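S.K.: Turn this into a structure:
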Amino acid sequence: MLFSSKSVLYFLSIVASAAAHSGRASWDALGTTPCPMQCTPLTDYRVALPVTEFPNGENCCAEVIVQYQGVSVSATFTDLFLAGANTENISLSHQAFAKLAALELGTIEPVTWDFA
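M.R.: Numbers count the residues shown, from 1 in each chain. You can find the predicted model right below:
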C-alpha cells in the first residue's frame, strides 16, 4: 500500500508534536545553575531546562524551540532549572521570554518546548 507524501508529512508532524514537552515558563533565572560545559558563542536567547530531565547536562548547548500561543523562539540550552525538578517547566532569559509575552506576566503557560 502506498501513502501520499501529504499523509506521511501529516503523520510525522503528529509524532513530532507528541514528543514535545509542555509546562510553564518563567524568566527570573531563580533556581538555575550553569550547564557543566560553557556554550559558545553565548547568546541573549537562553533557556534553562529541568535538571531532572538532564541530570548530567546532556544536550547542553543545543538549540531549543519554545512555543506559546502560536509564537515561537529559538534559545540555547545553557542552564539547568533546579526549580523545574520533576516538571517540564523552564526558565528563559528575559530576551527570549519577551519574544513570547510581556515580561510583566512573569510566567506563562502552557508552553511547549523541544530540541530543534
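
S.K.: Find the nearest non-adjacent residue to W27, please.
M.R.: Excluding the flanking residues, the one nearest W27 by Cβ to Cβ, 6 or more residues apart in numbering is F97, at 3.6 Å. From N, CA and C alone the C-beta is placed, and that goes for glycine too.

S.K.: quick one: secondary structure of E88?
M.R.: Assigned with DSSP: H, G, I helix; E, B strand; the rest coil, E88 falls in the coil class.

S.K.: quick one: the closest residue in space to it that isn't next to it in sequence from D44, how far?
M.R.: Computed as Cβ to Cβ, 6+ apart, the closest residue to E88 that is not its neighbour in sequence is G23, at 3.6 Å. Distance, G23 to D44, using Cβ to Cβ, to the nearest Å: 22 Å.

S.K.: what's the strand or helix carrying K99 in contact with?
M.R.: Using DSSP states H and E, the element containing K99 is helix 94-100. With Cβ atoms under 8 Å, 6 or more residues apart in numbering as the test, helix 94-100 has contacts from 25-27, 44-47, 66, 68-69, 71-73, 75, 92, 103, 108, 111.

S.K.: show me what contacts the residue nearest the centre of the chain?
M.R.: Against the mean C-alpha coordinate of the chain, by Cα atoms, centre = their mean, the closest residue is W113 at 3.8 Å. By Cβ under 8 Å, 6+ apart, the contact list for W113 reads 20-23, 25, 47, 49, 64-67, 88, 90.

S.K.: gap between the residue nearest to W27 and P110?
M.R.: 15 Å.

S.K.: Show me what the longest strand along the chain is packed against.
M.R.: Secondary structure assigned by DSSP state E gives strand 71-81 as the longest strand of the chain. Applying 3 or more Cβ pairs under 8 Å, 6 or more residues apart in numbering; DSSP states H and E, we find strand 71-81 packed against strand 32-34, strand 46-50, strand 63-68, strand 90-92, helix 94-100.

S.K.: Just name the most buried of those.
M.R.: strand 90-92 (a mean of 28; mean count of other Cβ atoms under 10 Å).
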